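**Student:** Dropping the sequence and predicted coords here.
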Amino acid sequence: MVVVACGLLLFVVGIYNKLVVLKNRYLNAFAQIEVQLKRRHDLIPSLVETVKGYMSHEKETLDAVISARNIAASALKSAHQDSNNPNAIKSLASAEGALGGAVGGLFAVMEAYPDLKADKAMSTLQEELTSTENKIAFSRQAYNDSVAQYNTSRQSFPQVVIAPMVGHATDAAMLEFEDSAQIQSAPKIDIS
C-alpha cells in the first residue's frame with residue numbers, strides 16, 4: 001500500500017513539475033514580448049515629435065497615436081503584473097492592435113509629406129520601428145507556441161484531472177493582436 005501511495009505521489013509531483021516548467025516557459029516568452037513592446041512604446045513619442053514639425057495640422061492623427069500608445073503602455077503594465085490572467089493578455093492584445101492601427105494611420109497620412117519621408121531622423125525611426133515590429137512578431141510566435149504547449153499538457157489526461165488540484169486550473173491566453181494586418185503592414189511603407 002505504501003509503495004502504491006509513493007508511486008502515486010511521484011506521479012502527481014511529475015505532472016506538477018512539468019506544468020511548472022511549461023508555465024515558466026510561457027512566462028519567460030511573455031517577458032521577451034514585453035521588452036519589445038516597451039521598445040515600441042518608447043519609439044512612438046520620438047516618431048510623433050519628428051512628425052509634428054511637418055504635420056502640424058494633423059493634430060487628430062498625432063493625438064490618436066499618443067492616446068493609443070498610452071493605453072497600450074497601461075495594458076502592458078497590467079499584463080506584466082498579472083501575466084497569468086487571460087483577460088489581461090486579451091486587453092493587451094486589443095490595446096496593441098489599436099496602437100498598430102493608429103501608427104498605420106499615421107504612416108498613411110505621412111505619404112502626403114515628401115519632405116517628411118526624406119527626413120533622415122524619420123527614416124531612422126521607421127527602420128527601428130520595423131526592426132522592433134519584426135522582433136515583436138517573433139517573440140509573440142514563441143510566446144504563443146509556449147502557451148500552446150502548456151495548454152495542451154494541461155488539457156491532456158491525466159493532467160486535466162490533477163492540474164486544478166495543484167494550482168493550474170485555467171489555460172493561458174494566446175497573444176493575438178486584433179488588428180494584426182495593420183501592424184504588419186505599417187512598417188512596410190516605402191520611404192524613398
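**Tutor:** The structure has been received and is ready for your questions.
**Student:** most centrally placed residue in this protein?
**Tutor:** Ile33 (5.3 Å; Cα atoms, centre = their mean).
**Student:** That one touches Arg140, doesn't it?
**Tutor:** Yes - contact criterion Cβ atoms under 8 Å: Ile33 and Arg140 qualify, at 5.7 Å. Yep, even glycine has a C-beta here, placed from its N, CA and C like the rest.
**Student:** Give me the helix or strand of the protein that scores worst on average pLDDT.
**Tutor:** helix 180-185 (a mean of 43; mean pLDDT, DSSP states H and E).
**Student:** which ones are touching Tyr143?
**Tutor:** Tyr26, Ala29, Phe30, Gln32, Ile33, Leu175 (Cβ atoms under 8 Å, 6 or more residues apart in numbering).
**Student:** And for Ala102, the neighbour number?
**Tutor:** 25 (other Cβ atoms under 10 Å).
**Student:** Mind pulling up the pLDDT for it?
**Tutor:** On pLDDT, Ala102 comes in at 91.
**Student:** and it, what element?
**Tutor:** Under the criterion of DSSP states H and E, Ala102 resides in helix 86-110.
**Student:** what comes up buried for that helix?
**Tutor:** Buried residues in helix 86-110, defined by neighbour count with 16 or more other Cβ atoms under 10 Å: 88-107, 109-110.
**Student:** for that helix, packing partners?
**Tutor:** helix 2-52, helix 59-81, helix 180-185 (3 or more Cβ pairs under 8 Å, 6 or more residues apart in numbering; DSSP states H and E).
**Student:** mean confidence score for the longest one?
**Tutor:** Right, helix 2-52. Mean pLDDT, computed over helix 2-52, is 92.
**Student:** and if you look at stretch 108-118?
**Tutor:** Mean predicted lDDT for stretch 108-118 stands at 82.
**Student:** cool, stretch 158-178 as well?
**Tutor:** Throughout stretch 158-178, pLDDT has a mean value of 89.
**Student:** quick one on the thing from earlier: out of the contacts of Tyr143, which one sits closest to Leu10?
**Tutor:** When these are ranked by distance to Leu10 (Cβ to Cβ), Tyr26 comes first, at 25.1 Å.
**Student:** For that closest one, give me its contacts.
**Tutor:** Tyr26 sits next to Tyr143, Ser146, Val147, Gln149, Tyr150, Ala172 when contact means Cβ under 8 Å, 6+ apart.
**Student:** Please name the nearest non-neighbouring residue to the last one.
**Tutor:** To tie it back to what came earlier, the one meant is Ala172. Val147 (4.4 Å; Cβ to Cβ, 6 or more residues apart in numbering).
**Student:** any idea how far the one you found is from Ala88?
**Tutor:** Val147 is 14 Å from Ala88, where distance means Cβ to Cβ, to the nearest Å.
**Student:** for Val109, same thing?
**Tutor:** From Val109 to Ala88 the distance is 32 Å (Cβ to Cβ).
**Student:** same question, Met165
**Tutor:** Met165 is 24 Å from Ala88, by Cβ to Cβ.
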